[in-house]
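Engineer: Structure for this input, please:
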Amino acid sequence: MPKTSFIVVGTGNRGLGCFAKGLLGFPSKGLPEFKERSRIAALVDTNRTRGRVCAKELGLPELPVFATIKEAQLFAPAEWAIITTPDYTHCACVCEALGAGINVMVDKPLATSVMECDQIIAAMQKSERKVVVGHNYRYAHNILLAKKLVLEGRIGKILQVESAEILSLSHGGDYYHRWHSDFSKSAGLMNHKCCHFLDIICWILDDEPVEVSAMGARSYYTPRPELLHAERCTGCGIAKECPHYFDMDKWDGVYRRMYLEAEPDDGYVRDLCVFSDRHTVNDHESLSIRFKQGALCSFAMTTFAPREYSFFHFTGTKGRLEVGSNAEDGKPYLRVAGPNRKYETINVERDLGEHEHGHGGADIALMADILGLPGSHPLQKATPYEARRAVSIADMAARSIAGGGRAVKLEETGKDYPPAPPKRLAY
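Structural biologist: Just a heads-up that it's a prediction; the model follows:
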């Protein structure tokens, strides 16, 4: 069987740890049959040190590393490009790959603005190549079951949605160590992180968001000089006591090799202190969203909670569906109630096997879908048209927050980059 060839663009944690190792069938990252069906033709990274570290981590030290997609396609042609670069580079990278005649899987979010999403869609239409967006949460077992129940009409027409993504200190805080806390690079965590959840809401509703009102603030990840912390975790005197400490030496020191030793190439620091005034993104936000077919939705993001959990509650004309993860143990759940007010708890447990661990098996299922392996639902693969919806909510929310919470309609997006949020509010 001929193998599908890939170029991995961006050799950071996601590019190396999930997709590259997954395609090569690494334990806990991929499946044995992936290696039989796929090969990596080349790596692309502007940081050549990190690219070479990635090749060695894959056990392929001679794997070519290029600075551009165009160069990689010229000397090591492939059928697919997997793009895991910082969000603000997605548009340029996807368009470059399409222009080189390559199909694309771009990790979420599709881009950092509706304007860029539209540029990607236009490039895709012109190239006649495929673009798949890495919204892997669609491949979570309880989420797919929820989608099927809604398609079956179990709760009728959905009128109201309540949802939230509550991140723990270690998870939510980690975004404030790195480039994600710069609005010009991520368009905020509503776009970068919560796009997963916004995509699921749009996907289950099968509807377009048309208006958003939002409030937000940066109140927790602010300067804390009383802590006597250093500029970064490496060498910080309070590192071991800090819940936000990022250990470069965990997981056999791979982060030290990928980031610390690659700093001389471009100056990128992976473990900057989270308590800083350099951040230009909010650390908590609340949104009110109106959809084209009439459904209303409230969505909240928190990045500094003691425990992590999430939920989606859909109320329709025939009942209510609740799906998410428990705060106590993190386990997924799904329950549905009809007019009789009795809840039915749906069994969502499954034996993932020793290989399927990434995001509860969702990463594995996403890669299997790209490789054409059986088992996925026809609706799970996210198109750029669908991924644009999540970006549009974040885009409208950013404009609303910058405008003091005013209602922003979809028509206001697509012409420029959304504004950064107002200055921080200390708690």
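Engineer: switch to C-alpha atoms for all contacts and neighbour counts from now on
Structural biologist: OK.
Engineer: For the protein, give me the ranges with low pLDDT.
Structural biologist: Applying pLDDT under 70 to the chain picks out residues 350-358, 424-427.
Engineer: repeat that for 90
Structural biologist: Applying pLDDT under 90 to the chain flags residues 1-2, 27-32, 240, 250-252, 327-330, 338-342, 347-364, 372, 374-378, 421-427.
Engineer: Nearest residue to the middle of it?
Structural biologist: Ranked by distance to the mean C-alpha position of the chain (C-alpha atoms, centre = their mean), the top residue is residue 108 at 4.3 Å.
Engineer: From what I see, it and residue 192 are in contact.
Structural biologist: Yes - if you go by C-alpha atoms under 8 Å, residue 108 and residue 192 touch, sitting 7.3 Å apart.
Engineer: Residue 234 and residue 249, how far apart?
Structural biologist: In this view, residue 234 and residue 249 are 10 Å apart by C-alpha to C-alpha, to the nearest Å.
Engineer: Please disregard the earlier target; I meant residue 83.
Structural biologist: 26 Å.
Engineer: now residue 329
Structural biologist: Taking C-alpha to C-alpha, one finds residue 329 at 27 Å from residue 249.
Engineer: how about residue 422, phi and psi?
Structural biologist: Dihedral pair for residue 422: phi -60, psi 170, per degrees, to the nearest 10.
Engineer: For it, list the residues it contacts.
Structural biologist: 217, 401, 402 (C-alpha atoms under 8 Å, 6 or more residues apart in numbering).
Engineer: same check, this time on residue 41
Structural biologist: Applying C-alpha under 8 Å, 6+ apart to residue 41 gives the contacts 5, 6, 7, 63, 64, 76, 77, 78.
Engineer: And the third one, how close does it get to residue 20?
Structural biologist: Yep, that's residue 7 we're talking about. 9 Å.
Engineer: ditto for the first one
Structural biologist: Plainly put, residue 5 is 12 Å away from residue 20 if you go by C-alpha to C-alpha.
Engineer: Neighbour count: these two, which is higher?
Structural biologist: Ranked by neighbour count (other C-alpha atoms under 10 Å), residue 5 and residue 20 place residue 20 first, with 28 against 18.
Engineer: The nearest residue to that one once chain neighbours are set aside: what's it in contact with?
Structural biologist: Once flanking residues are discounted, residue 20 sits nearest to residue 8: 6.9 Å by C-alpha to C-alpha, 6 or more residues apart in numbering. Residues in contact with residue 8 (C-alpha under 8 Å, 6+ apart) are 15, 19, 20, 40, 42, 43, 44, 81, 82, 83, 84.
Engineer: so the first one touches residue 84, yeah?
Structural biologist: Yes - checked against C-alpha under 8 Å, the pair residue 15 and residue 84 is within contact range at 5.5 Å.
Engineer: Spit out the residues that contact residue 7 and residue 20 alike.
Structural biologist: Listed contacts common to residue 7 and residue 20 are residue 40; contacts here mean C-alpha under 8 Å, 6+ apart.
Engineer: Touching, residue 175 and residue 181? I think so.
Structural biologist: Yes - applying C-alpha under 8 Å as the test, residue 175 and residue 181 come out as touching, 6.2 Å apart.
Engineer: what bridges to residue 314?
Structural biologist: residue 161, residue 321 (DSSP bridges).
Engineer: Pull the number of nearby residues for it.
Structural biologist: 26.
Engineer: what's it in contact with, if anything?
Structural biologist: Applying C-alpha under 8 Å, 6+ apart to residue 314 gives the contacts 158, 159, 160, 161, 162, 320, 321, 322.
Engineer: Need the max-distance pair from the residues you listed.
Structural biologist: 159 and 322 (14.0 Å; C-alpha to C-alpha).
Engineer: In PDB, please show the C-alpha coordinates belonging to the lengthiest helix in the chain.
Structural biologist: Longest helix in the chain by number of residues, with DSSP state H as the criterion: helix 384-402. Extracted C-alpha coordinates of helix 384-402, given in PDB (Å, rounded to 0.1, in the frame of the first residue of the first chain):
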ATOM      1  CA  PRO A 384     -12.600  26.000   6.700                       C
ATOM      2  CA  TYR A 385     -16.200  27.200   6.200                       C
ATOM      3  CA  GLU A 386     -17.200  25.600   9.500                       C
ATOM      4  CA  ALA A 387     -14.000  26.600  11.400                       C
ATOM      5  CA  ARG A 388     -14.600  30.200  10.300                       C
ATOM      6  CA  ARG A 389     -17.600  30.300  12.600                       C
ATOM      7  CA  ALA A 390     -15.600  29.800  15.800                       C
ATOM      8  CA  VAL A 391     -13.100  32.500  14.700                       C
ATOM      9  CA  SER A 392     -16.000  34.800  13.900                       C
ATOM     10  CA  ILE A 393     -17.400  34.500  17.400                       C
ATOM     11  CA  ALA A 394     -14.000  35.400  18.900                       C
ATOM     12  CA  ASP A 395     -13.600  38.200  16.400                       C
ATOM     13  CA  MET A 396     -16.900  39.700  17.300                       C
ATOM     14  CA  ALA A 397     -16.200  39.200  21.000                       C
ATOM     15  CA  ALA A 398     -12.900  41.100  20.800                       C
ATOM     16  CA  ARG A 399     -14.700  44.000  19.000                       C
ATOM     17  CA  SER A 400     -17.400  44.000  21.600                       C
ATOM     18  CA  ILE A 401     -15.000  44.000  24.600                       C
ATOM     19  CA  ALA A 402     -13.000  46.800  23.000                       C
END
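Engineer: From the contact counts, what lies against whichever helix or strand comes after that helix?
Structural biologist: With elements assigned by DSSP states H and E, the helix or strand that comes after helix 384-402 is strand 408-409. When contacts are defined as 3 or more C-alpha pairs under 8 Å, 6 or more residues apart in numbering; DSSP states H and E, strand 408-409 sits against strand 209-217, helix 384-402.
Engineer: Pull the residues that contact the shortest one.
Structural biologist: The set of residues external to strand 209-217 that reach it, using C-alpha under 8 Å, 6+ apart, is 202, 282-292, 389, 392-393, 396-398, 400-401, 404-410, 421-422, 424-425.
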